[in-house]
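>>> sharing a model prediction with you, sequence too.
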Amino acid sequence: MSINNFVKKICKSLGENNKPTYVVMAIATVKGICRPMFTMMDKTENPETKKYTALREGLTEVIAIPAYWACGELAGGLAKKAFKDKALASRAEKNLMFMGVCAAALFVIPGLCSVAIKPIMDKMGLKAPDKKEPKKVMETEQPPVYTPANLNSIANMNKYPKLSTFTAKPQVGLRVGGL
Amino acid sequence: MIEPIKSFITSSQLATIAQNTTQSVAIETTLKSIGRPGFILVDKDIDSDTKQYAAAKEFLYQATCLAVYMALIVPVFKKGGFKLAKEKLFKNTQGFEHFKDVKEYLHYRKLADNPSIDNRLATLNKNLPGSNSKVKDLYDATLIEELKKKNPEKFAYVKGAVELSNIIGSVLGLAILAPQVSHAFIHPALRFLGLEDKNKKANNQAQKIDTKA
């Protein structure tokens, strides 16, 4: 079959029934290939971030393709059960399929992504670059360093008074009569 | 309660939108621009500054996609696809010979989709807006005869060619062109909204704390 005949056949099929799922699935497929590719080609970003972002973008589209298909087909399938009249059922099928695709775009795909992507990324050992655990600093007990500057403060922190200046009078509070 | 839902589900206008690639993609992109930022904003694992930044970025990305799609892809591919199919692929056969351009076909298709013959004929006798000629002057004798039938010919090849070129345009526009355009547009827009500097500041502060630790 020549390319011309193939394209004509597609045209006829699309002209008779252009399902709303076709275009969204085609967009998701190309996005799933191109977006990670563009991300990996970005020279300004560091490799770890690129890898993480590209995989996340790819996974989003991998989830989106079956979600669009399933939502569209499930919603469209309801029409056949709900309407007995053929003409009405056919129109309702198209409309419900479109509504299914809209529902997928509005909350099914974002919901699935927010539930599924993080565990998948964790299983793959990839974490968000800014959420990575900071490297543990070796906690060693170092001896305190005494310098002339801090010796004075250490001396001030000594709460015990010297014997030569010791008085039994209270050192705090209001002193009356110059005592 | 059930009747309005039933009539909405079986609405011919909704069916026309559902069968039209450009309209359905535009609606779907609009919904994405609401749904995705919404889900980011309700995520409890992210701090509020990052949430605001990520949601604004996602919204701007989808809005740019929609703008690029409506401004460039729809007119170019709709008209170009029809012309290419009419002149090269089908060589003025399979119904293409009856229509000058895509606008004319879409007008005919809308009339043909109307189940009432009386309504169709009434539309044919109406004046075209801003001129003395009538709607029926746009169509040749074959098309007018078809519109008088109960089930007029809808020229599936013409419709298919238009939809195929729309699908190709949508894929190229939304998966390849729009991300490039949005990449150039999003960062200045976020800076204008005061979200990018805020985020950078937060990052810088975090880095400062890290280095001291």
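Noted; the coordinates are in hand.

>>> so what's residue B:85 closest to, chain neighbours aside?
Computed as CB to CB, 6 or more residues apart in numbering or on different chains, the closest residue to residue B:85 that is not its neighbour in sequence is residue B:161, at 3.6 Å. C-beta here means a position set from N, CA and C on the backbone, and glycine is covered the same way.

>>> tell me, how many residues neighbour the one you found?
Around residue B:161 there are 31 other residues, counting by other CB atoms under 10 Å in any protein chain shown.

>>> what do you get for residue B:15?
Burial of residue B:15 is recorded as 19 neighbouring residues (other CB under 10 Å).

>>> one more: residue B:145?
For residue B:145, using other CB under 10 Å, the count is 12.

>>> surely the residue nearest to residue B:85 is within a helix?
Yes: assigned with DSSP: H, G, I helix; E, B strand; the rest coil, residue B:161 falls within a helix.

>>> and it, what does it touch?
For residue B:161, the contacting residues are A:11, A:15, B:81-82, B:85-86, B:89-90, B:96, by CB atoms under 8 Å, 6 or more residues apart in numbering or on different chains.

>>> now the two most distant members of those residues.
Across the contacts of residue B:161, the two members that end up farthest from each other (CB to CB) are A:15 and B:86, 14.1 Å apart.

>>> correct me, but residue A:31 touches residue B:173?
No: under the criterion of CB atoms under 8 Å, residue A:31 makes no contact with residue B:173, lying 11.3 Å away.

>>> geometric centre of chain B: which residue is closest?
In chain B, the C-alpha nearest the mean C-alpha coordinate belongs to residue B:22, at 2.9 Å (CA atoms, centre = their mean).

>>> hmm, residue B:76 and it touching each other?
No: in this structure, residue B:22 is not within contact of residue B:76 by CB under 8 Å, at 11.5 Å.

>>> joint contacts of those two?
By CB under 8 Å, 6+ apart, no residue touches both residue B:22 and residue B:76.

>>> can you mark which positions in the helix or strand harbouring residue B:119 are buried?
Per DSSP states H and E, residue B:119 falls inside helix B:117-124. Residues B:120, B:123-124 are the ones in helix B:117-124 that count as buried (16 or more other CB atoms under 10 Å in any protein chain shown).

>>> show residues contacting the helix or strand just after it.
Counting by DSSP H and E, the next helix or strand C-terminal to helix B:117-124 is helix B:141-147. Applying CB under 8 Å, 6+ apart, the external contacts of helix B:141-147 come out as B:98, B:108, B:111-112, B:117, B:120-121, B:124, B:136, B:139, B:152-153.

>>> residue B:55 and residue B:188: what is the separation?
For residue B:55, the distance to residue B:188 (CB to CB, to the nearest Å) stands at 18 Å.

>>> out of these two, which sits in the busier spot?
Comparing residue B:55 with residue B:188 by other CB under 10 Å, the one with more neighbours is residue B:55, at 20 against 10.

>>> which element is that one on?
Applying DSSP H and E as the criterion places residue B:55 in helix B:48-68.

>>> for that helix, packing partners?
Judged by 3 or more CB pairs under 8 Å, 6 or more residues apart in numbering or on different chains; DSSP states H and E, helix B:48-68 is in contact with helix B:21-42, helix B:178-192, helix B:196-212.

>>> wait, does stretch A:23-40 contact chain B?
Yes: for a cut-off given as CB under 8 Å from any CB of the partner chain, stretch A:23-40 has contacts with chain B, namely A:23-24, A:26-27, A:30-31, A:34-35, A:38.

>>> so which residues make contact with that stretch?
A:45, A:50-51, A:53-55, A:57-58, A:60-62, A:64-65, A:68-69, A:101, A:104-105, B:21, B:24-25, B:28, B:166-167, B:170-171, B:174-176, B:179-180.

>>> chain center to that stretch: distance?
Using CA atoms, centre = their mean, to the nearest Å, the distance from the centre of stretch A:23-40 to the centre of the chain it belongs to is 18 Å.

>>> mind listing what's buried along that stretch?
Buried-residue list, stretch A:23-40, by 16+ other CB under 10 Å: A:23-32, A:34-36, A:38-39.

>>> equivalent analysis for stretch B:96-103, please.
B:96, B:98-99, B:102.

>>> does it reach chain A?
No: between stretch B:96-103 and chain A, judged by CB under 8 Å from any CB, nothing touches; the nearest distance is 10.7 Å.

>>> got any ranges where chain A has weak pLDDT?
Across chain A, residues meeting the criterion (pLDDT under 70) sit at A:1, A:128-179.

>>> packing partners for the longest helix along it?
When chain A is parsed with DSSP state H, its longest helix is helix A:47-82. On a contact count with 3+ CB pairs under 8 Å, 6+ apart, helix A:47-82 meets helix A:20-41, helix A:86-103, helix A:109-123.

>>> with distance to residue B:72 added, can I get the ones you listed in a markdown table?
Shown next, in a markdown table, are those (distance: least, CB to CB, whole Å):
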| stretch | distance to residue B:72 |
| --- | --- |
| helix A:20-41 | 16 |
| helix A:86-103 | 23 |
| helix A:109-123 | 25 |
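
>>> tell me the secondary structure for residue A:45?
Applying three-state DSSP: residue A:45 is coil.

>>> what are the phi and psi values at it?
Taking degrees, to the nearest 10, you get phi -90, psi 150 for the backbone angles of residue A:45.
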